[in-house]
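Student: okay, here's the prediction I keep looking at, along with the sequence it came from:
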Amino acid sequence: MAGYATRVRTDIARWREIGLIEPATAEALARDVAANERASLSFGSILAMMAALLFGAAILIFVAANWEAFPRLLRVAALFAVILAGYVGGAVLK
């Protein structure tokens, strides 16, 4: 099923062809539709986000369940790695 913006663009082109609107008006309407078009989430993108969230939760649960079994040096290194990843991620996204 076509989205709203696609249907409106088709209607604008049809209206211009049959002479209901002038070409300048059609161009202005098409620019307005393009400027106000929002990206919608598809089922696949929602599924991918859910998979990423569940995978992250699984990693957190695994680490939490086995925290005492990890050597102390590994625990400290993991904490520093998480902090470093946060700083690097923030710097890259800035």
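Tutor: Thanks, I have it.

Student: what about residue 12, neighbour count?
Tutor: 20 (other CB atoms under 10 Å). For glycine as for every other residue, the C-beta is placed from the backbone atoms N, C-alpha and C.

Student: render the CA-only coordinates of the helix or strand hosting residue 28 in CSV, please.
Tutor: Residue 28 is part of helix 23-36 when elements are defined by DSSP states H and E. The C-alpha trace of helix 23-36 is given here as CSV (Å, rounded to 0.1, in the frame of the first residue of the first chain):
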residue,chain,number,x,y,z
PRO,A,23,2.4,23.7,-13.3
ALA,A,24,3.7,26.3,-10.8
THR,A,25,1.1,25.3,-8.3
ALA,A,26,1.9,21.6,-8.8
GLU,A,27,5.6,22.2,-8.2
ALA,A,28,4.9,24.2,-5.0
LEU,A,29,2.6,21.4,-3.8
ALA,A,30,5.2,18.7,-4.6
ARG,A,31,7.9,20.7,-2.7
ASP,A,32,5.6,21.1,0.3
VAL,A,33,4.9,17.3,0.3
ALA,A,34,8.6,16.5,0.1
ALA,A,35,9.5,18.9,2.9
ASN,A,36,6.8,17.6,5.2
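
Student: which stretches of this structure form helices?
Tutor: 4-18, 23-36, 43-65, 72-93 (DSSP state H).

Student: and for the third one, what's in contact with it?
Tutor: Just to be clear, that refers to helix 43-65. Here helix 43-65 makes contact (CB atoms under 8 Å, 6 or more residues apart in numbering) with residue 78.

Student: got it, and the first one?
Tutor: The set of residues external to helix 4-18 that reach it, using CB under 8 Å, 6+ apart, is 2, 21-23, 26, 29-30, 33-34, 37.

Student: the last one now?
Tutor: Residues from elsewhere that reach helix 72-93 (CB under 8 Å, 6+ apart): 63, 67, 70.

Student: got it, and the second one?
Tutor: Contact with helix 23-36 is made by 5, 8-9, 12-13, 15-16, 21, as judged by CB under 8 Å, 6+ apart.

Student: thanks again, I'm all set now.
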